[in-house]
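J.: Build me a structure from this.
(one chain, ligands or ions: 1)
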Amino acid sequence: MESEREIAFVRKKFADYYANKEIEFPEKLEQREWGFGGWKDKIEARHFSFPNSKSLQEYFKNNAPLYASYSVAYYKEPEARPIDKKGWLGAELVFDLDSDHLNLPCIAKHGKNWVCEGCLSEVKRHTQRLIEDFLVPDFGIRREEIEVNFSGNRGYHVHVNNEKLNSLESYGRREILDYVSGTGLDFNRFFAKQGARLVGPEPTDWGWAGKVARYALKNDLSNILPRSIVSKPERLKALRKGIERGNWDAVRIPKKTDVWRAFVKDLGLRLGREVDKQVTGDVTKLIRAPDTLHGGSGLSAKRIDFKKLDEFDPMKDAIVFGEEEIEVKVSRTPKIKFGGKEYGPYRGEQVKVPEAFGIYLICKKAAKRL
Ligand SMILES: [Zn+2]
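T.: Presented below is the predicted three-dimensional model:
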């Protein structure tokens with residue numbers, strides 16, 4: 001097989017990593033199902049279970065899986081198959097935020113296989129909004145119940161471990177997802193005309209209404225409002241002053257209804273297409289185990305203290321391999337920022353790069369070892 005050398009090299013590196021790494025495993029480990037993946041698929045085998053962290057650690061040392069995932073669900077018998085024989089006991093609520101879901105214009109430039117700083121900062125912003133604007137204020141989830149980790153590639157996973165939510169079945173989870181993604185957010189629910197005047201939500205209103213007003217006060221509105229307003233600070237100020245009292249008509253905006261309708265439509269968190277949302281609502285889903293390596297990048301799905309999420313830079317902080325140079329032949333890549341340095345774009349050249357970046361390229365299937 002053509003990539004055999006690459007696979008052997010990456011596996012060896014992963015094995016070295018796991019040989020010295022004590023992994024912090026999830027709560028209720030003995031009730032989780034595990035799945036592992038290889039070069040071809042992120043999950044090639046599932047229905048594994050481990051009675052304690054020692055046995056799991058052994059597994060990592062001996063097998064150095066390229067991908068490791070565990071069930072968001074807890075089961076009576078996690079290794080039983082098929083799934084309905086496992087005895088479902090509950091499941092964490094997990095949100096999977098991926099920059100690929102955000103329909104960002106930069107994807108056209110660098111392609112789906114790659115991320116740029118723009119992708120990563122935008123998906124981080126969504127992650128912060130999910131926690132600060134929804135989970136904590138609207139669902140009353142305590143910060144101690146929330147864990148965030150880098151997905152290992154293009155986004156973040158948010159795990160909520162709350163006794164009440166753990167027993168929610170798919171339907172309830174879908175409702176939560178619909179709420180945070182603003183599915184069915186309706187302009188007419190928030191706005192009304194009083195005579196010719198447009199009256200709308202105030203920042204102190206509960207739920208989505210208050211959010212609509214607060215986002216209008218906080219966000220840069222330059223891409224939705226006409227220049228005649230955005231370029232004049234005093235008009236923008238007057239507009240915002242009006243919104244604070246629910247008067248969305250303090251400044252004349254041409255086609256105001258269309259403008260604010262488009263604004264509301266764009267506020268929901270983008271958690272993926274319909275299909276992905278169903279997967280996220282799936283109570284039997286397997287999710288990347290935090291602090292394990294991602295075989296599609298060689299980066300760690302690192303746990304993050306979310307108070308420090310702001311400073312977290314995955315292309316620096318999730319790197320686990322070293323600086324020692326290796327020589328690779330790179331196929332085609334955009335410009336990539338990695339470990340604080342810029343590389344590429346490459347067009348089929350042979351280069352010497354730090355091992356960590358070489359592994360990144362090999363895992364992306366964009367380079368071969370020389
Ligand atoms: Zn990008």
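J.: OK, contacts around the nearest residue to Asn247 once chain neighbours are set aside?
T.: Nearest residue to Asn247, sequence neighbours excluded (C-beta to C-beta, 6 or more residues apart in numbering): Val199, at 6.7 Å. Heads up, the C-betas are built off the backbone N, CA and C, glycines and all. By C-beta atoms under 8 Å, 6 or more residues apart in numbering, the residues touching Val199 are 191-193, 246-249.
J.: Specify the beta-bridge partners of Val199.
T.: Beta bridges link Val199 to Ala192, Asn247, judged by DSSP bridges.
J.: Distance check, it against Tyr17.
T.: The gap separating Val199 from Tyr17 is 59 Å, by C-beta to C-beta, to the nearest Å.
J.: Kindly list the main-chain dihedrals of the residue lying closest to Phe306 once chain neighbours are set aside?
T.: In space, and not counting its chain neighbours, Phe306 is closest to Val148: 4.5 Å by C-beta to C-beta, 6+ apart. Main-chain torsions, Val148, degrees, to the nearest 10: phi -120, psi 140.
J.: again, but for Glu44
T.: phi -100, psi -30.
J.: Was I right to think it contacts Gly37?
T.: Yes. Look at Glu44 against Gly37 with C-beta atoms under 8 Å: they come within range, at 5.1 Å.
J.: So those two - more neighbours on which side?
T.: A count of neighbours by other C-beta atoms under 10 Å puts Gly37 above the other of Glu44 and Gly37, at 21 against 14.
J.: next SSE after the longest helix along the chain?
T.: If you go by DSSP state H, the chain has its longest helix at helix 4-19. Next along the chain after helix 4-19, taking DSSP states H and E as the criterion, comes strand 34-37.
J.: partners of that following strand, with directions?
T.: Here strand 34-37 is paired, per DSSP bridges, with strand 45-48 (antiparallel), strand 67-71 (antiparallel).
J.: neighbouring contacts of it?
T.: Residues contacting strand 34-37 (C-beta under 8 Å, 6+ apart): 43-50, 56, 63, 65-71, 78, 286, 289, 295.
J.: Could I get the full set of helices for the chain?
T.: Applying DSSP H to the chain gives helices spanning 4-19, 53-63, 106-110, 117-129, 163-166, 170-180, 187-190, 207-218, 227-230, 233-244, 256-265, 274-280, 314-317, 355-363.
J.: Deepest in the core, which of those is it.
T.: Greatest average neighbour count among the helices of the chain goes to helix 355-363 (a mean of 23), per mean count of other C-beta atoms under 10 Å.
J.: quick one: least confident helix or strand in this structure?
T.: When the helices and strands of the chain are scored by mean pLDDT, DSSP states H and E, helix 274-280 comes last with a mean of 52.
J.: So which residues on the stretch 151-300 of the chain come close to the ion?
T.: Contact residues, the stretch 151-300 of the chain versus the ion (C-beta under 5 Å from the ion): none.
J.: Could you list the low-pLDDT ranges of the stretch 151-300 of the chain?
T.: Along the stretch 151-300 of the chain, the parts satisfying pLDDT under 70 run over 272-281.
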